[in-house]
Every structure is written in structure tokens, then in C-alpha cells.
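Asks: Below is the structure, and that's it, no one-letter string:
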């Protein structure tokens, strides 16, 4: 399927849905900017919320070798999202499609280099008992907080280096979610079993399965507007709110260099990844810290050249990220972030430190905003690299 064919397919799919809803006696309700178009069937047998968004990005990076400024404009993300319920409000669904080149990607097996990788989420959520949910399909795994936060609702232009190296991303499988309370304290537990190869893999399971478990605690009760998964304190919490979480992921016989992401390697390894994170918000101030550690007990290196240079390796090691910001009454925010990445020495990968300063203007929350940041990247033995980014987000 080429890109033109893909675009036509998506257009026909979207047009068909909107036309069928409009001619079947549906009514539009509660539709306003940032909340999408919302429909309800005349007999209340299903609902549909359709939303779309995109990010226009300018990025410039210093090239210390060529002593040049490399820059570009691009559409960082372009998404279509459909969600609602079918048959009963206890059976929800979500479909999210990515249309930009960065969304689609082409990092599958060599024979599928030109595959169109547009499906981000396609998941059904069954509320089968009070405070219990069973998810079936493809969606984000319960890993680090930064990855679970939507790319629409980030505090900076993009996620940190910790997330780029160790996040477990999306996968196809089943997840069991549970929540209970003791007084005002909220506990959330998640367990999942998935294929381990990441999203949109259409061949037989390449290695073993992936098993993930997560526990999250809210000592002071729930955040406003699900703010534990929103960058910045855009809801301006009236009382202090804190979320603490830990997760463990075991990817049996992983085939890709970063588990659910990266190149397919010539040998498989078990990957074990531990995450810990915390989020705090109060009256415009927000802070988040994350730690990740990934190991391959059999050793991460798969292939070396005759000279002993690492040619194929799994990405293992640890990373720490901390960030914080303050949102003024004018809806301007100043934020800072520090990230350190320490790969396993055997892999031959370079450690890095990044220092980022960001400024954002929230015009309509995270639905219409302008963000910019500047980053200093420090790598031992190399000259420092500076990166500047500016991004406009529009979400209908």
C-alpha cells in the first residue's frame, strides 16, 4: 500500500463515519473547541467522539563537526481519534491513527520496510465490575508516566531522553486495570500480557511474550481533570496532589533493540525494565521525576565485528529525568528539565546529559498552545550540542 493509497483510505474511512452518523438521526451535543465532535445514537446504542490535532515544529541543531546550524520545519504529529461506547456504556473503545511521516515510521522487519504503520491505538475497554476494567487490543503499555502522558499534553516540545531510550511504548494484548481506595488514598494496579514486538506487527510472534505490572498511589486523592497524566498544572490544583508509581516489564526473548521499538536484531534476549516516577502539582507549580533501568541478563551485545566493535546491541542501562515548571496567571509557563542517560558500558553507546529550558503559552489549555525550548546536550569526549525547538499545537 503506497502513501497515496493510504491517504485515500483514511479519507474514505473518515468521510463514511461522519456521513453515516449525520444521516442516521444522530445529534451533535457538547461540542466545543478542544473537545471534538460528539455524537449519540438516537437509541443510545453507541456514542462517537471524533477529534483531530497536529503539531507544526521548527527544530534547529548545532553541528560541531561541520560548524553549521542544521534546521528544518516539519509536521511532528498529525492524528485522528475516535472514541466512545458500543452497546452499553460499560464497553468503551478508542481508535487513534497517526498520519505524519514521524507517526507512521518504517522500522519493521526488512521485508516490511514500506509498510504503512498508521494504527496507534485500537482498543476495547470493558468495565465488567465496579472499579475493574479489561482492555483488549493495541494501546500504550503501563510503563513510565512520561510515555502515558499524551503527546498533546506535554510540558515541553517533546519527551525526554529517558523516554526515548527506555519507554515500552504500545503493544497488542490484554490489560487488567483495578482501582480501590482506603480513605482518601487511591491505589491503581495494572497487569498486562502483550506480544512484545510493538505496534502493527502482522507476522507471527517473533519471540516470547511481554509481561508488565504497575502500581500507582495517590496519597492526597485524585488530580483535577486526570491531571496525573497531564503536563503542567493547567487545572491549578487548589490542594497539593501527588502521584507515585512503580512498574516492571519483562520482555521474554525480545527481538528489537529497545523491546517494542528499534531495529530487529539477529538474536533474541530477555529484557527486564524497571520504572519509578512521581508527579506533584499545586496552584500552578508542577514537578515530575522518573527513573528507568533496563537489563539483559544474558548480555546486551548480539554481534561484534572482527575488530570487536559492537554492531548489534540491545539498549540497556539507566536514566533519570526531573522537570518542573510554574504556570503564571497569564497562562505563560516557564519550565526546566534535567536528564541523564547511562548505557551499559558493554554496549558501546555514549552516555549523555541534557539540560532543557522551556517557555509555553497556553491559549486554550493543551488544545491551542505555543511551546519552545532550548537544550544543551553534553556527551563525554564530544563537543556540546545545542538544540532549539518551537512548536504550535492545535487540537479540535
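Replies: It's in. Since the structure is predicted, the reported quantities are computational estimates derived from the model, not experimental observations.

Asks: contacts for stretch 303-317?
Replies: With Cβ atoms under 8 Å, 6 or more residues apart in numbering as the test, stretch 303-317 has contacts from 165-166, 254, 257-258, 262-263, 265-267, 269, 271, 293-296, 300-302, 341-344, 346-349. Where C-beta positions appear, they are placed from N, C-alpha and C, glycine not excepted.

Asks: Work out the gap between it and the centre of the chain.
Replies: Mean C-alpha position of stretch 303-317 versus that of the full chain (Cα atoms, centre = their mean, to the nearest Å) differs by 28 Å.

Asks: hang on, the earlier thing: narrow the contacts of stretch 303-317 to just the buried residues.
Replies: 165-166, 254, 257-258, 262, 265, 269, 271, 293-296, 300-302, 341, 343-344, 347, 349 (16 or more other Cβ atoms under 10 Å).

Asks: Can you tell me which of those residues end up in helices?
Replies: Assigned to helices by DSSP state H, the following of the buried ones among the contacts of stretch 303-317 qualify: 165, 166.

Asks: ok, now how distant is residue 305 from residue 72?
Replies: Distance, residue 305 to residue 72, using Cβ to Cβ, to the nearest Å: 33 Å.

Asks: What are the buried residues along the helix or strand containing residue 333?
Replies: Per DSSP states H and E: residue 333 is located in strand 332-343. Applying a neighbour-count criterion of 16+ other Cβ under 10 Å, one finds 333, 335, 337, 339, 340, 341, 343 buried in strand 332-343.

Asks: Could you export the residues you listed as CSV, including pLDDT and distance to residue 79?
Replies: Shown next, in CSV, are the buried residues of strand 332-343 (pLDDT from 0 to 100; distance: Cβ to Cβ, whole Å):
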residue, pLDDT, distance to residue 79
333, 98, 23
335, 98, 24
337, 98, 24
339, 98, 25
340, 97, 31
341, 97, 28
343, 96, 31
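
Asks: Which secondary structure element of this protein has the lowest mean pLDDT?
Replies: strand 27-28 (a mean of 50; mean pLDDT, DSSP states H and E).

Asks: And the helix or strand just after that strand, how far out from the chain middle?
Replies: Later in the chain than strand 27-28, the nearest helix or strand by DSSP H and E is strand 37-40. Relative to its chain's centre, strand 37-40 lies at 26 Å (Cα atoms, centre = their mean).

Asks: Quick one: mean pLDDT over strand 37-40.
Replies: For strand 37-40, mean pLDDT rounds to 89.

Asks: Of all the residues in that strand, which ones are buried?
Replies: Within strand 37-40, the residues that count as buried by 16+ other Cβ under 10 Å are 37, 38, 39, 40.

Asks: State the paired neighbours of it in the sheet, together with their directions.
Replies: Using DSSP bridges, strand 37-40 pairs in its sheet with strand 27-28 (antiparallel), strand 47-63 (antiparallel).

Asks: Which among the ones you listed is found nearest to residue 91?
Replies: Minimum separation from residue 91 across those (Cβ to Cβ) falls at strand 47-63, 10.9 Å.

Asks: What is the distance between stretch 58-68 and the centre of its chain?
Replies: A distance of 27 Å separates the centroid of the chain from that of stretch 58-68, by Cα atoms, centre = their mean.

Asks: List of residues touching that stretch?
Replies: Stretch 58-68 is contacted by residues 69-74, 382-391 when judged by Cβ under 8 Å, 6+ apart.

Asks: Any idea how far apart the tips of it sit?
Replies: Distance between the boundary residues of stretch 58-68 (Cα to Cα, to the nearest Å) amounts to 16 Å.

Asks: about what we covered before: ok, the buried residues of strand 37-40 vs residue 135, which is closest?
Replies: Nearest to residue 135 among the buried residues of strand 37-40: residue 38, at 22.1 Å, using Cβ to Cβ.

Asks: Quick check: the closest one touching residue 51?
Replies: No - applying Cβ atoms under 8 Å as the test, residue 38 and residue 51 come out as separate, 9.2 Å apart.

Asks: Show the buried residues in the contacts of stretch 58-68.
Replies: For the contacts of stretch 58-68, a neighbour count by 16+ other Cβ under 10 Å gives the buried set as 385, 387, 388, 389, 390, 391.
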